[in-house]
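A.B. asks: Just need the structure, nothing else, for what follows:
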Amino acid sequence: MVGLRIHGLHSLGLRDHSLSTNVQSFATRLSAPPQAAYLAPEARASSGYKSSQKCDVYSFGVILLELLTGCLPGGFSENGGEELVSVVRKWHKEGRSLADILDPKLLKQELADKQAIAAIRVALNCTDTNPELRPRMRSVSESLGRIKTV
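C.D. replies: Residues are numbered from 1 along each chain as shown. All right, here's what the predicted structure looks like:
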C-alpha cells in the first residue's frame with residue numbers, strides 16, 4: 001500500500017508511509033464484521049434501512065477522523081468509551097488544543113493547524129447526525145481539495 005493516495009488527503013501534506021500505515025490498519029479491520037461506529041445513525045436505528053449516499057458520506061467522515069486522530073472509531077478505551085465522532089465533536093465545541101486530538105505522527109509532520117482543523121471540519125460535516133445536512137461526496141472531495149499545504 002505504499003504510495004497509496006486518497007484524493008484530497010495528499011494536499012494535507014501527509015506522507016505516504018503514515019497514510020498507508022493507517023489505511024493498512026483500517027483494511028485489516030475490514031475483514032472483521034462491520035462496526036456500528038462506521039454506520040450512520042439512521043442505519044443503526046433500523047435493521048431494514050437501505051444504505052444511501054448519505055450513509056456512505058457518514059462512513060467516509062468516520063474514516064477521515066480515524067486517519068486524522070489515529071484513534072479507533074468505536075467506543076474503545078482510548079476514547080474513554082465514547083465513539084470517535086462524539087469525542088471529536090466535544091473537542092471542537094470546547095475549542096481545545098489540536099495536540100489533544102490530532103494523531104501525534106501528524107503533529108510531527110508540522111501540518112499547519114488551520115489545515116488540520118479544516119480537514120476535521122470536513123469530517124464533522126460528513127458525520128452530521130442529520131443526513132439532510134451531510135454534504136454530497138463531490139462537495140467533500142472539493143472541500144478537501146481546497147485545503148492547501150503551506
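A.B. asks: only C-alpha atoms for contact and neighbour calcs from this point on.
C.D. replies: OK.
A.B. asks: show me where pLDDT drops low in this protein?
C.D. replies: Within the chain, the segments meeting pLDDT under 70 span 1-34, 75-80, 110-111, 149-150.
A.B. asks: buried ones in the top helix by length along the chain?
C.D. replies: Secondary structure assigned by DSSP state H gives helix 53-69 as the longest helix of the chain. By 16 or more other CA atoms under 10 Å, the buried positions in helix 53-69 come out as 54-69.
A.B. asks: Farthest pair within the residues you listed?
C.D. replies: Farthest-apart pair in those is 54 and 69; separation 22.6 Å (CA to CA).
A.B. asks: ok so, going back, gap between the longest helix of the chain and the chain center?
C.D. replies: 4 Å (CA atoms, centre = their mean, to the nearest Å).
A.B. asks: what's it packed up against?
C.D. replies: helix 16-30, helix 84-94, helix 113-126 (3 or more CA pairs under 8 Å, 6 or more residues apart in numbering; DSSP states H and E).
A.B. asks: Can you spell out which helices and strands pack onto the shortest one?
C.D. replies: Counting by 3+ CA pairs under 8 Å, 6+ apart, the packing neighbours recorded for helix 84-94 are helix 53-69.
A.B. asks: what's the burial count for the residue nearest to residue 143 when sequence neighbours are not counted?
C.D. replies: Nearest non-adjacent residue to residue 143, counting by CA to CA, 6 or more residues apart in numbering: residue 122, 7.1 Å away. Neighbours of residue 122 under the rule other CA atoms under 10 Å: 21.
A.B. asks: my guess is residue 122 meets residue 141, correct?
C.D. replies: No: Residue 122 is beyond contact range of residue 141, at 9.4 Å (criterion: CA atoms under 8 Å).
A.B. asks: What's the local residue count around residue 38?
C.D. replies: When neighbours are counted by other CA under 10 Å, residue 38 comes out with 22.
A.B. asks: Surely it is in contact with residue 66?
C.D. replies: No: Residue 38 is not in contact with residue 66 according to CA under 8 Å; the separation is 10.4 Å.
A.B. asks: got a list of what the residue lying closest to residue 70 once chain neighbours are set aside touches?
C.D. replies: Spatial nearest neighbour of residue 70, chain neighbours left out: residue 103 (4.9 Å); criterion: CA to CA, 6+ apart. Contact partners of residue 103, counting by CA atoms under 8 Å, 6 or more residues apart in numbering, are 67-71.
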